[in-house]
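Enquirer: Structure for the following, please:
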Amino acid sequence: MKHKVKGRKFHREKGQRNALLKILANNLIIKERMETTGAKAKEIRPTVEKLITLAKKNNLESFRILLSRLPRKAAQKIFYDLAPRYKDRKGGYLRIIKGTKPRRKDATITSIVEFVK
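Expert: Model (predicted):
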């Protein structure tokens, strides 16, 4: 039984996994659109959506939490640009388009993750 087991391991140890998710979140926030594997796309969605919900509070505490979880440039972009854009939206800030094309090196099906306009 898989009770209380969530998340994917990606054949990485805990520190490597956390660094991977932080890098993916940073790239997605800066570029606002990213192409990656389906599993990584599904794993990054709740992380980024929780960060946007946190930034929507629009106070100093939430900005400092963002700075502790993201690089400065990404934290500023999410706080000053993305959160005001979604202030009337209750959730569902990201869209995952599945199965766009196979990757050339290992034929893994890729997905596109982007912010909803």
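
Enquirer: And residue 63, how close does it get to residue 45?
Expert: 22 Å (Cβ to Cβ, to the nearest Å). The way it works is simple: take the backbone N, C-alpha and C, and place the C-beta from them, glycine included.

Enquirer: Helices of the protein, residue ranges please.
Expert: Taking DSSP state H, the helices of the chain run over residues 14-31, 38-55, 60-69, 72-77, 83-85.

Enquirer: who does the first one touch, helix- and strand-wise?
Expert: Counting contacts by 3 or more Cβ pairs under 8 Å, 6 or more residues apart in numbering; DSSP states H and E, helix 14-31 packs against strand 33-37, helix 38-55, helix 72-77.

Enquirer: For residue 106, which of the ones you listed is the nearest?
Expert: strand 33-37 (9.7 Å; Cβ to Cβ).

Enquirer: what packs against that closest one?
Expert: Judged by 3+ Cβ pairs under 8 Å, 6+ apart, strand 33-37 is in contact with helix 14-31, strand 110-115.

Enquirer: now those as JSON lines including distance to residue 100, mean neighbour count and mean pLDDT?
Expert: Shown next, in JSON lines, are the helices and strands packed on strand 33-37 (distance: least, Cβ to Cβ, whole Å; neighbours: other Cβ atoms under 10 Å; pLDDT from 0 to 100):
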{"stretch": "helix 14-31", "distance to residue 100": "16", "mean neighbour count": "15", "mean pLDDT": "97"}
{"stretch": "strand 110-115", "distance to residue 100": "5", "mean neighbour count": "18", "mean pLDDT": "97"}
